[in-house]
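A.B. asks: With the sequence up front, the predicted model follows.
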Amino acid sequence: MLVTESSVPRPHGANEDFAISGPTTAVVLDGAGMAPGMESGCRHGVAWYVEQLGARVHAEAARQVSPPLAECLAAAIESTARLHRHTCSVDDPLSPSATVAITRVRDDAFEWLVLGDCTVLIDVGGTVQVHSDDRLAHVAPEARQFLSTRTPGTPERQQAHEALVHEERTRRNTPGGYWVAAADPTAAHEALTGTEKASHTRRAALLTDGAARLVTTFHQTDWAGCLDLLSDYGPDHVIRRVREAEKSDPDLSRWPRSKQHDDATVSYVRP
């Protein structure tokens, strides 16, 4: 398996995305950032959490004899929680969490997993499959709508962002809410998973929602076109296109979104 990856933080921010890959396995995580001024309940922070979790997920999934991807993710969530449970409020709804995408090749099986709103694209014989978990988008619709009506950079928008985060987090890892990697390993079994024949898989990609904006928010191309851009020009080019669109709409009026910039990460995979 050949992997080309790029992970770029939002301007003037720490990168709360994470990517790691090896000969058989690629992993991408998108840490759930906080509204400025909010406390997460973890002394280490979101960037630390995604690095620790990402390394453990990869180590679990890349072992020669390894269980299904959901079990690998569950083990990694549990071991990461143990790592800082004695110092941090890991069960607090505001504690760090992450969405996750994984692909793995074993023999002729191309396995994939998505937990949360990361996206996995798979080109199987010329047909592009799109796998993402949109349950978060259906949580707190009124708070989300109210945020979109507040002017960027104002105290009112800051307060609306905090209110949205609080409401979303009360629904985190609960039935009828949404599921992400945090401290509860059972969330891993809510992930979307599947398997294709590796011999039929031409190419694939793992994207955080900050990189997927090129398609989902800015509508600069479709998913097949995104794979073509990755194939022809690589992940850096796709992320550069995202940044250009973000900068062209500083007041969030053309393309409404919660923040101007987001961390953006892409892993492009050739099985």
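C.D. replies: Now that the structure is in, tell me what you want to look at.
A.B. asks: May I ask which helix or strand encompasses the closest residue to E156 other than its chain neighbours?
C.D. replies: Closest residue to E156 in three dimensions, ignoring its sequence neighbours and counting by Cβ to Cβ, 6 or more residues apart in numbering: R150, at 4.8 Å. C-beta coordinates here come from the backbone N, C-alpha and C atoms, glycine included. Per DSSP states H and E: R150 is located in neither a helix nor a strand.
A.B. asks: Quick one: residues contacting R150.
C.D. replies: The neighbours of R150, taking Cβ atoms under 8 Å, 6 or more residues apart in numbering as the test, are E156, R157, A160.
A.B. asks: okay, the residues you listed in JSON lines with pLDDT, secondary structure and distance to T119 next?
C.D. replies: Putting the contacts of R150 into JSON lines (pLDDT from 0 to 100; DSSP: H, G, I helix; E, B strand; the rest coil; distance: Cβ to Cβ, whole Å) gives the following:
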{"residue": "E156", "pLDDT": "87", "secondary structure": "helix", "distance to T119": "32"}
{"residue": "R157", "pLDDT": "85", "secondary structure": "helix", "distance to T119": "27"}
{"residue": "A160", "pLDDT": "86", "secondary structure": "helix", "distance to T119": "26"}
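A.B. asks: which among those residues end up buried?
C.D. replies: With neighbours counted using 16 or more other Cβ atoms under 10 Å, those contain these buried positions: R157, A160.
A.B. asks: What is the nearest of the contacts of R150 to E168?
C.D. replies: Within the set of the contacts of R150, A160 lies nearest E168; the separation is 12.5 Å, counting by Cβ to Cβ.
A.B. asks: ok, now how distant is that closest one from A140?
C.D. replies: When Cβ to Cβ, to the nearest Å is applied, the distance between A160 and A140 equals 11 Å.
A.B. asks: Quick one: the helices in the stretch 1-150 of the chain, in order.
C.D. replies: Under the criterion DSSP state H, counting those that start in this stretch, the stretch 1-150 of the chain carries helices at the ranges 46-62, 69-84, 141-148.
A.B. asks: hmm, back to that, could you redo the contacts of R150 as TSV and give each row distance to R82?
C.D. replies: Shown next, in TSV, are the contacts of R150 (distance: Cβ to Cβ, whole Å):
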residue	distance to R82
E156	41
R157	38
A160	36
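A.B. asks: any weak-confidence spans in the stretch 1-150 of the chain?
C.D. replies: Per-residue confidence for the stretch 1-150 of the chain (pLDDT under 70) gives these ranges: 34-37.
A.B. asks: hey, which strand is longest across the chain?
C.D. replies: The strand spanning the most residues in the chain, taking DSSP state E as the definition, is strand 98-106.
A.B. asks: roughly how far is that strand from the heart of the chain?
C.D. replies: 11 Å (Cα atoms, centre = their mean, to the nearest Å).
A.B. asks: now stretch 120-132, how far from the chain's geometric center?
C.D. replies: The mean C-alpha position of stretch 120-132 is separated from the chain mean by 17 Å, Cα atoms, centre = their mean.
A.B. asks: contact partners of it?
C.D. replies: If you take Cβ under 8 Å, 6+ apart as the criterion, stretch 120-132 is touched by 101, 103, 110, 112-114, 117-119, 192, 194, 196-197, 200-207, 212, 223-224, 226-227.
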